[in-house]
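*Asks:* no sequence for this one, just the structure:
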């Protein structure tokens, strides 16, 4: 059989949530069944369409989350070309990177899941009892630039593959992605959950000014009971760069210090405490109206 994009997906679906079976040989009445089990109608319909394009016969979708067809001819074609489809014994076929993407998409749609615990655990996971198969999946992912890890479970004969890190998750979305709507949306949610703590300062002067204004309007706060305007970051280099550019573009002096909060977490603080410097911030529109009012209120209360 010639592998094309439809057959590749059908093969992955059958390895993931499918079956290619015949009845026991001791039974007189013979049957040959090919089917795909899944509760998601989008996947059932995709399997049905791709199967029909491959074999010219349309399997039917049942009310119990199945898409199946009985055919001795198709059973023989599949088993003679690909061997077993049982969980422990299916074989990852030799594929180009393009076809690997298609196979991986269909298999992850069946067996994969997405975890999004904000700023704690964000990954794509996959469990599999087929040791050789999951290591072939790992290799196929790495061939297209997606790094992953495999660990074996101590309590069960099962292997878990995990894809971690924003770069790898974005690569998965761009190169493979999910067809399953809930998993697809969950992956987008995971990627959005990553926060870039490194401030990327523009090179062009006008864009840089706007960038600094946005930082101040978003992050600059008047310290309660004082005249001090401050900005906090968990990256010292962010504030060092901001300090230099603030001085160069707006002639505003500032200080950058390291501090600790009540539970010992280190953070960095830029402070501007000279009245004439804060007036420059107000003049250039660098602090929000709300913080401006707070500063003016503090100023009056301390005079």
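*Replies:* Great, that's in hand. Computed from a predicted structure; not experimentally measured.
*Asks:* now stretch 42-60: how far from the chain's centre is it?
*Replies:* Its chain's C-alpha centre and that of stretch 42-60 lie 29 Å apart, by Cα atoms, centre = their mean, to the nearest Å.
*Asks:* just the buried residues of it, please?
*Replies:* Within stretch 42-60, the residues that qualify as buried are 43-44, 46-48, 50-51, 54-55, 59, counting by 16 or more other Cβ atoms under 10 Å. No exception for glycine: its C-beta is placed from N, CA and C like everyone else's.
*Asks:* give me the contact list for stretch 259-268.
*Replies:* For stretch 259-268, contacts defined as Cβ atoms under 8 Å, 6 or more residues apart in numbering pick out 232-236, 238-239, 256-258, 269.
*Asks:* run a quick neighbour tally on residue 163.
*Replies:* 23 (other Cβ atoms under 10 Å).
*Asks:* what is the mean pLDDT for the helix or strand it falls within?
*Replies:* Secondary-structure element containing residue 163, defined by DSSP states H and E: strand 159-164. For strand 159-164, mean pLDDT rounds to 94.
*Asks:* show me what contacts residue 43?
*Replies:* So residue 43 contacts 13, 36, 109-110, 179-180 (Cβ under 8 Å, 6+ apart).
*Asks:* and what of residue 116?
*Replies:* Residue 116 neighbours (Cβ under 8 Å, 6+ apart): 122, 186, 189-190, 193.
*Asks:* out of these, the closest to residue 280 would be?
*Replies:* The nearest member of those to residue 280, counting by Cβ to Cβ, is residue 193 at 37.0 Å.
*Asks:* gap between that closest one and residue 181?
*Replies:* Going from residue 193 to residue 181 by Cβ to Cβ, to the nearest Å gives 19 Å.
*Asks:* more neighbours: which of these two?
*Replies:* Ranked by neighbour count (other Cβ under 10 Å), residue 193 and residue 181 place residue 193 first, with 15 against 12.
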